[in-house]
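A.B. asks: give the three-dimensional model of this entry:
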Amino acid sequence: MSQIVDILTAEQKKELNDLIEVIATEADIVKKDYEDNPSDMTSEDIVVVHQDSTLLDNTDEKLADVAYNITPKKK
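C.D. replies: Numbering: from 1, shown residues only. Next up, the predicted model:
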């Protein structure tokens with residue numbers, strides 16, 4: 001990784017550091033939100049969001065508005 005960073009310009013390094021800071025801040029927000037509002041999902045539950053999902057564009061839309069449960073077949 002350091003070889004890649006070595007070839008970046010000062011402006012690119014600043015932009016990369018700014019992105020790292022934004023990502024770290026968002027991660028802290030998600031972690032705090034989960035601590036304050038723990039999930040009721042089990043370790044067997046899975047959430048899949050398609051790349052074309054309206055959830056990705058509409059922040060007012062809730063997962064519960066479009067989600068459904070899939071129950072695995074009993075063996």
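A.B. asks: so where's the longest helix in the chain?
C.D. replies: Using DSSP state H, we find that the single longest helix of the chain is helix 10-36.
A.B. asks: buried ones in whichever helix or strand comes after it, by neighbour count?
C.D. replies: Stepping forward along the backbone from helix 10-36, the first helix or strand reached (DSSP states H and E) is helix 63-66. Along helix 63-66, no position meets the burial threshold by neighbour count (16 or more other Cβ atoms under 10 Å). C-beta coordinates here come from the backbone N, C-alpha and C atoms, glycine included.
A.B. asks: off-centre distance for helix 63-66?
C.D. replies: Between the centre of helix 63-66 and the centre of its host chain there is 17 Å, according to Cα atoms, centre = their mean, to the nearest Å.
A.B. asks: avg pLDDT for it?
C.D. replies: Per-region confidence: helix 63-66 scores 82 on mean pLDDT.
A.B. asks: how about residues contacting it?
C.D. replies: In this structure, residues lying in contact with helix 63-66 by Cβ atoms under 8 Å, 6 or more residues apart in numbering are 47, 53-55.
A.B. asks: highest neighbour count among the residues you listed?
C.D. replies: Among these, residue 55 has the most neighbours (other Cβ atoms under 10 Å), with 15 neighbours.
A.B. asks: where in the chain is pLDDT low?
C.D. replies: 1-2 (pLDDT under 70).
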